[in-house]
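Colleague: Sharing a model prediction with you, sequence too.
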Amino acid sequence: MASTAKVVLMTKNNQATEARGGHDMHEPSGVARKLREQIHDFSGRLSPRFSVPMRRFVEQVLYGIQARQSVRLSEIGRSLEEGIPLAKTETRLSRNLGASMLEGAVQEGICRLAARRVHRETLLIFDTSDVCKPYARRMEYLETVRDGSTGELADGYWLYTVAACERGKPRVVPLYGALASASAPDFSSENDQILRAVDTVRKAVGDRGVWVIDRGGDRGVLFQAFLERSMRFVIRLRGERHLFFRGKKRPAREAPIGCAFPYAETIVREAHGKENVYPLSYGFRRVRLPGSEQELFLVMVRGFGQEPLLLLTNLPMRRNREVLWSVVESYLSRWRVEEMIRFLKQSYKLEDIRVLSYQRLRNLVALVVAAAYFAVVHLGERLKVALLARRVLSAAKRIYGVPAFHCYALADGIAAILRRTAQGPLCQLLRTKPPPVGLQMVLQGL
């Protein structure tokens, strides 16, 4: 994980300055101006149908999250430098944050902006995580969740995310994020939450992409919904799931018995500074789901534990190393999304969220995902980025490790630049004085 950003910021006159997290450097005012312009441009693209006050609110929240790397309304308010009592700024932000339409509009806006980056073979990875609030008492609809970092039970909320990535490439694009509680009146089931995420993304990307879901997608009602939607998928099965193969209905854990595992690979996963080596062997079997005549394929992988990894897919399989490995590789790419969730929690302090009402919680989580999209995609695609401490993977199979996640350093660099100028977002500056001549900004590594 990269905790320090080191970048070079250059103007047309080739004036350069270094920005290191925690160092007292002086950037040209045009650099911060360009960042404000990018946030202004992004917020307009994200919410083109919002009223002027709501667009201004979205821009201010995105600016505050980036400038303070925090989801506290008090910190966001401080970043705005409005010249009025902070309590009044917080009250206005809280009032606008309660808008019922905000979450859905932001989620749809992110998916719409990201749609052109999703191609036929792009992986659309769904993941369920948590937002733990062990000391909260007044937040609405708190429930018991399992803390993914400790494995212990705690009060909090569930976090449903979708991200896009390409096989063999490290970049992860956040597409969707939603906070939910089973205690809330509008919560019907986890299946509905999963299908809501799927349908929101598919509304923008259509039938493109291959959906990758862990064991949370291993449910009959979801399989039926996915097949009805003609989705292409790779889903991890539990061993007790029943399938039809060899002419009978059997538990999926029996599928590897008597099946050949003709292909082998060795992969290395890097996590927490350690390298874990996995020698794998894999094969496949033709199967059907109970009550369905559609032919599916069960790809089986030995090497991760005592029981083989079972991956159900409707992608056409045949006895070919590359074809089978593409399914295994798709599932292993899910590990990258876990790092994206850590990025949301660490760089923007997502679990420090302190608004009390459930609607405001959900809206703010959607805006945090939008802030991450701004840093990872919107800004990243316009700036040439290379980080000092970035690690280069030494072999093709090392793609399954978590490389130095450049977004941490990029978020740190954005915050450092915006904090040093302390002028507020562009929507405020435009109301008081005309903008100066813009300077071209190039962000490049040393």
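Modeller: Happy to help now that I have it. Numbers count the residues shown, from 1 in each chain.
Colleague: Geometrically speaking, which residue is the centre of this structure?
Modeller: With distances taken as C-alpha atoms, centre = their mean, P174 lies nearest the centre of the chain, 3.6 Å away.
Colleague: so how far is G303 from the residue lying closest to F343 once chain neighbours are set aside?
Modeller: In space, not counting the residues next to it along the chain, F343 is nearest to C407; the distance is 5.3 Å by C-beta to C-beta, 6 or more residues apart in numbering. No exception for glycine: its C-beta is placed from N, CA and C like everyone else's. Here C407 is placed at a distance of 30 Å from G303 (C-beta to C-beta, to the nearest Å).
Colleague: now do Q69
Modeller: Taken as C-beta to C-beta, the span from Q69 to G303 is 39 Å.
Colleague: again, but for V145
Modeller: In terms of C-beta to C-beta, V145 sits 31 Å off from G303.
Colleague: which of the two has more neighbours?
Modeller: Counted by other C-beta atoms under 10 Å, V145 and G303 do not tie: V145 has more neighbours, with 21 against 17.
Colleague: next structured bit after whichever helix or strand that one is part of?
Modeller: Here V145 sits within strand 143-146, counting by DSSP states H and E. Per DSSP H and E, the first helix or strand lying C-terminal to strand 143-146 is strand 153-165.
Colleague: Show me the helices in the stretch 51-200 of the chain, by range?
Modeller: Shown for the stretch 51-200 of the chain, the helices assigned by DSSP state H, counting those that start in this stretch span residues 52-68, 73-80, 86-97, 102-114, 190-205.
Colleague: residues near Y160, how many?
Modeller: The number of residues near Y160, taken as other C-beta under 10 Å, comes to 20.
Colleague: Contacts only, for it.
Modeller: Y160 makes contact with 126-128, 176-180, 193-194, 197, according to C-beta atoms under 8 Å, 6 or more residues apart in numbering.
Colleague: which residues sit in contact with the nearest residue to it once chain neighbours are set aside?
Modeller: Nearest non-adjacent residue to Y160, counting by C-beta to C-beta, 6+ apart: A178, 4.8 Å away. With contact taken as C-beta under 8 Å, 6+ apart, A178 is in contact with 103, 107, 159-161, 193, 196-197, 362, 365-366.
Colleague: cool, and E143?
Modeller: When contacts are counted by C-beta under 8 Å, 6+ apart, E143 is found next to 155-157, 181-183.
Colleague: Can you name the two of those that sit furthest apart?
Modeller: The most widely separated members of the contacts of E143, counting by C-beta to C-beta, are D155 and A182 (12.7 Å).
Colleague: G177 and G44: what is the separation?
Modeller: Counting by C-beta to C-beta - G177 and G44 are separated by 21 Å.
Colleague: my bad, should have said L296
Modeller: Taking C-beta to C-beta as the measure, L296 and G44 are separated by 44 Å.
Colleague: and what of R236?
Modeller: 40 Å.
Colleague: which of these two has more neighbours?
Modeller: More neighbours surround R236 than the other of R236 and G44, with 18 against 14 (other C-beta under 10 Å).
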